[in-house]
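Colleague: model the following, please.
(2 chains)
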Amino acid sequence: MFMTWVFLALIVGAIVWAVSAYNKLIALKGETINAWKQIDVQLKRRHDLIPNLVEAVKGAMEFERGTLEEVIQARNQAVKIQADTLPTGGVKQLAAAEAALSSALGRLNVVVERYPDLKATSNVGQLQEELTSTENRVSFARQLYNDTATTYNVKQQQFPWNMIAGFAKAETVELWEITDEKEREVPKVDLSMKPKQ
Amino acid sequence: MSDANLFEQQRANRRRSAILVTVFLLFFAWIGFGGDLIFYLQTTGVPDEASRDSYRHVIPWFGICATLLAAAMAWWGWKRGSKEILWATGAWELIEPSRPAENVLVNVVEEMAIASGLPRPTIWIVPDKDPNAFATGTDVAEAHVAVTEGLLDALTRDELQGVIAHEMAHVRNYDVKLMTLLAALVGVMALIADGTRRFIWYGGGRRRGGGGGGKKGGGGALVAILLIAWVFSILLAPIVSRVLALGVSRKREFLADATAAQFTRNPAALASALRKVEDASGPTKSIKQGTAHLCIADPIGRRLTHKEGRIANLLATHPPMAVRIARLKAMAYQYDKTGKIPEAV
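Modeller: Below you'll find the predicted structure:
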C-alpha cells in the first residue's frame, strides 16, 4: 500500500516537472523567435534604405559606378538570402551576406566623404545617419538574439530537459556569429582613382 | 549583470518603493494622530457639559485627515509623479524630429531600447543650455527619457548613446519608479513641513501672546515630551527625506554606468560624455532641487561632487564624477584587452 502511494507520488511529480519543463522550453522558443524577428525587422529596414541612398548619390558620383554597383549587388544578395533564412538554418550565410553588405557600404561611405557638397545639399547626411542607426540596431538585436538563442540551445540539450525537447519540437538554433573577418577590418581606401575591373 | 542579479536588483527596488510609501504614510499618521493625542491630553480636564468655547478633543480628526491626505498624495505621486516632474522642468515631448540632432536622438533611443530589450520610452527635450539628462516613469512600459538641448549640442553620437544607455539602465533596474516616487514625496514633505513650521511659529506665537493660559490638562510632562517630539519630527522631516533621496540615488549611478557599458560596449564614450557634462559651467536651471537625484549629473551641487569625504558623501546626489569616469575608463581598458565588459555588481 505504502509503496503504491510512493509510486503514485513519483509519477505525479514527474508529470508536473514535465509540464513545467515543456512550458519553459516553449517560452524560450518564443523568446528566440521574437529576438530573431527583431533582427529581421532591422535588416529589412536596412535593405529598404540602401536604394534611397544609392539614388541620392548616383547623380553626383557618376564615375564611381563600381562602388555603387557593389553595394546594390551585395544588397540584393542579402535580400535574397534573408527571404529564406530561419533561426534553425541559414543564419551563417545571412551573416556573411550582411557582412559583405556592411563592407560595401563602408567603402561607399568613404567615397561619399569625398563630396562634402553632397552631404550639405541633399538628404544624404540624413540617410547616412539612418544607416548608421540601422547598423547599430542590427548589432544590438544580434546581441539579444545570441544571448537568447544560447540559453535556448543549452537548455534543450541539458540532461533531463533533452527528454522533453522532442515533445516541445525544440531544435538547436544557429547563432549569428561574425565569421567574416572583413567586417572587423577597416575598409581600404583606394585613392588612385583608377577604374576597377 | 546576470539575470539573477538583475532580478534581485528589481525586487530590491520594488521593496524599497513599498517601504518608502509605508514610511511616508506612517509619518503623516504620526503627525496627525500625535497632534490629536496632544490635543486630547490637553483637553481631558474639560468637562463634557462644557460651554461652547471650551472644546474636548475626542475624535482624532487630524489623524484621519492627515493619513487620508498622505494616501491620496502617495497615490498621486505613484500615478502622476513622472508627468509632474516633466512638467516642472518645462520639457516638451519629441514626437516628430525636425532637425538632424533630434533625428539622431530618436535613433539613439530606439537603438538603446533594442540593446536593453525594453519598449521605447517617450523622449522629452528640456529647453536648457546646460547639458544634462534624466529618466522618469512608473515602470518599464511607461518610461520617459529627457535630455536638455545643451546635451544634444555638446555631445557626439557615441557619447549621446552612452548617456541614453545610462538612462535606460535606470529604467531597466526599476530605479525610475523609486526615484520618481521619492522626488514626488520629498517635494510634498518639504511643502507640508514648510507650511506647518510657519503655522507653529506664527500661529503658536499668537496664541502665546493671546495668553490662553489656565489649561490644566492631565499628564503635563507627557504632553511636553510628546509636543517636543512632534515639533522635532516636523522640523527634521524635510532634511531627513532629502538625505534619504540623496543616499538612494548615489549608489545607483555606478550601477547604471556599468549597465550602460554593457548595453553600448563602449564605456569610453560615456566617460567622455560625463567629462563634457561635468565641464559645462552653469547649473541646469530648469531642474529643481527636488528632482536633482534623477539626473545623470548633479544639476546643482556641482562643487560637492568634485570632493570626496564624509560631508560631501552625505549631501551630494551623485558620486564624485572623477570616480565614475575612472571606473568607466577601467572598463574600457578591460574591454580592449579581453573583449569583455566586466559584470555589473
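Colleague: from here on, contacts and neighbour counts on C-alpha atoms
Modeller: Fine.
Colleague: show me what contacts residue B:162?
Modeller: B:260-261, B:264, B:266-267, B:269-270, B:273 (CA atoms under 8 Å, 6 or more residues apart in numbering or on different chains).
Colleague: can I get those residues in a markdown table including neighbour count and secondary structure?
Modeller: Formatted as a markdown table, those follow (neighbours: other CA atoms under 10 Å in any protein chain shown; DSSP: H, G, I helix; E, B strand; the rest coil):
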| residue | neighbour count | secondary structure |
| --- | --- | --- |
| B:260 | 29 | helix |
| B:261 | 28 | helix |
| B:264 | 23 | helix |
| B:266 | 22 | coil |
| B:267 | 29 | helix |
| B:269 | 24 | helix |
| B:270 | 28 | helix |
| B:273 | 24 | helix |
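Colleague: element containing residue A:30, please.
Modeller: Following DSSP states H and E, the helix or strand that holds residue A:30 is helix A:2-58.
Colleague: I'd like to know which elements that helix is packed against.
Modeller: Packed against helix A:2-58 by the contact rule (3 or more CA pairs under 8 Å, 6 or more residues apart in numbering or on different chains; DSSP states H and E) you find helix A:65-83, helix A:124-157, helix A:159-165.
Colleague: quick one: residues contacting residue 139.
Modeller: Picking chain A for this. Contacts of residue A:139 by CA under 8 Å, 6+ apart: none found.
Colleague: hmm, no, I was thinking of chain B.
Modeller: B:171, B:174, B:176-177 are the contacts of residue B:139 under CA under 8 Å, 6+ apart.
Colleague: ok, the residue nearest to residue A:81 when sequence neighbours are not counted to chain B distance?
Modeller: Spatially, and ignoring its direct neighbours in sequence, residue A:81 is nearest to residue A:94 (5.9 Å; CA to CA, 6 or more residues apart in numbering or on different chains). Residue A:94 sits 20 Å away from chain B, going by CA to the nearest CA, to the nearest Å.
Colleague: what about residue A:94, how many neighbours?
Modeller: 22 (other CA atoms under 10 Å in any protein chain shown).
Colleague: what's the following helix or strand after the helix or strand hosting it?
Modeller: Using DSSP H and E, residue A:94 falls within helix A:91-112. As assigned by DSSP H and E, the chain's next helix or strand after helix A:91-112 is helix A:116-121.
Colleague: does that following helix reach chain B?
Modeller: No. Applying CA under 8 Å from any CA of the partner chain, one finds helix A:116-121 separated from chain B by no less than 12.0 Å.
Colleague: any idea how far that helix is from the middle of the chain?
Modeller: 31 Å (CA atoms, centre = their mean, to the nearest Å).
Colleague: buried ones in it?
Modeller: By neighbour count with 16 or more other CA atoms under 10 Å in any protein chain shown, helix A:116-121 contains the buried residues A:118-119.
Colleague: hmm, back to that, of the contacts of residue B:162, closest to chain A?
Modeller: residue B:264 (8.2 Å; CA to the nearest CA).
Colleague: I'd say the closest one and residue B:163 touch.
Modeller: No. The pair residue B:264 / residue B:163 is not scored as a contact, 10.0 Å apart, by CA atoms under 8 Å.
Colleague: circling back to that earlier point, centre of the chain versus the helix holding residue A:94, how much separation?
Modeller: With CA atoms, centre = their mean, you get 12 Å for helix A:91-112.
Colleague: residues in contact with residue B:117?
Modeller: Here residue B:117 is in contact with residue A:144 (criterion: CA under 8 Å, 6+ apart).
Colleague: backbone dihedrals for it, both of them.
Modeller: The phi/psi pair for residue B:117 (degrees, to the nearest 10) reads phi 70, psi 30.
Colleague: quick revisit: pLDDT added to the contacts of residue B:162, as TSV?
Modeller: Below are the contacts of residue B:162 laid out as TSV (pLDDT from 0 to 100):
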residue	pLDDT
B:260	91
B:261	90
B:264	89
B:266	89
B:267	91
B:269	93
B:270	93
B:273	93
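Colleague: so which of the residues you listed reach chain A?
Modeller: Among the contacts of residue B:162, chain A is touched by none when using CA under 8 Å from any CA.
Colleague: that older thread, which of the contacts of residue B:139 sits closest to chain A?
Modeller: residue B:171 (17.6 Å).
Colleague: count the residues that sit near the closest residue to that closest one other than its chain neighbours.
Modeller: Leaving aside its sequence neighbours, residue B:171 sits nearest to residue B:140 (CA to CA, 6+ apart; 5.9 Å). By the criterion of other CA under 10 Å, residue B:140 has 21 neighbours.
Colleague: separation between residue B:140 and residue B:276?
Modeller: Going from residue B:140 to residue B:276 by CA to CA, to the nearest Å gives 28 Å.
Colleague: what of residue A:95?
Modeller: 37 Å.
Colleague: one more: residue B:32?
Modeller: 48 Å.
Colleague: now residue A:42
Modeller: For residue A:42, the distance to residue B:276 - CA to CA - is 32 Å.
Colleague: which of these two has more neighbours?
Modeller: residue A:42 (19 against 16).
Colleague: which residues of the stretch 151-300 of chain B score low on pLDDT?
Modeller: B:192-193, B:196-197, B:200-219, B:281-282, B:288-290, B:300 (pLDDT under 70).
Colleague: pull up the residues of chain B that are close to chain A.
Modeller: B:100, B:104, B:107-108, B:110-112, B:114-115, B:117, B:263.
Colleague: secondary structure and distance to residue B:91 added to those residues, as JSON lines?
Modeller: Formatted as JSON lines, these follow (DSSP: H, G, I helix; E, B strand; the rest coil; distance: CA to CA, whole Å):
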{"residue": "B:100", "secondary structure": "helix", "distance to residue B:91": "19"}
{"residue": "B:104", "secondary structure": "helix", "distance to residue B:91": "18"}
{"residue": "B:107", "secondary structure": "helix", "distance to residue B:91": "19"}
{"residue": "B:108", "secondary structure": "helix", "distance to residue B:91": "19"}
{"residue": "B:110", "secondary structure": "helix", "distance to residue B:91": "20"}
{"residue": "B:111", "secondary structure": "helix", "distance to residue B:91": "22"}
{"residue": "B:112", "secondary structure": "helix", "distance to residue B:91": "21"}
{"residue": "B:114", "secondary structure": "helix", "distance to residue B:91": "25"}
{"residue": "B:115", "secondary structure": "helix", "distance to residue B:91": "26"}
{"residue": "B:117", "secondary structure": "coil", "distance to residue B:91": "26"}
{"residue": "B:263", "secondary structure": "helix", "distance to residue B:91": "26"}
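Colleague: would you check those residues and say which has the weakest pLDDT?
Modeller: In terms of pLDDT, residue B:117 ranks lowest among the residues of chain B next to chain A, with 83.
Colleague: look up how far residue B:269 lies from that residue.
Modeller: 21 Å.
Colleague: what of residue B:130?
Modeller: 19 Å.
Colleague: returning to that earlier point: which of the helices and strands packed on helix A:2-58 has the lowest mean pLDDT?
Modeller: When I compare those, helix A:159-165 is least confident, with a mean of 85.
Colleague: for that helix, packing partners?
Modeller: Using 3+ CA pairs under 8 Å, 6+ apart, helix A:159-165 is in contact with helix A:2-58, helix A:124-157.
Colleague: closest to the centroid, which residue in chain A?
Modeller: With distances taken as CA atoms, centre = their mean, residue A:39 lies nearest the centre of chain A, 4.8 Å away.
Colleague: residues contacting the nearest residue to that residue once chain neighbours are set aside?
Modeller: Take residue A:39 and drop its neighbours on the chain: the residue closest to it by CA to CA, 6+ apart is residue A:141, 5.4 Å away. With contact taken as CA under 8 Å, 6+ apart, residue A:141 is in contact with A:35-36, A:38-39, B:114-115.
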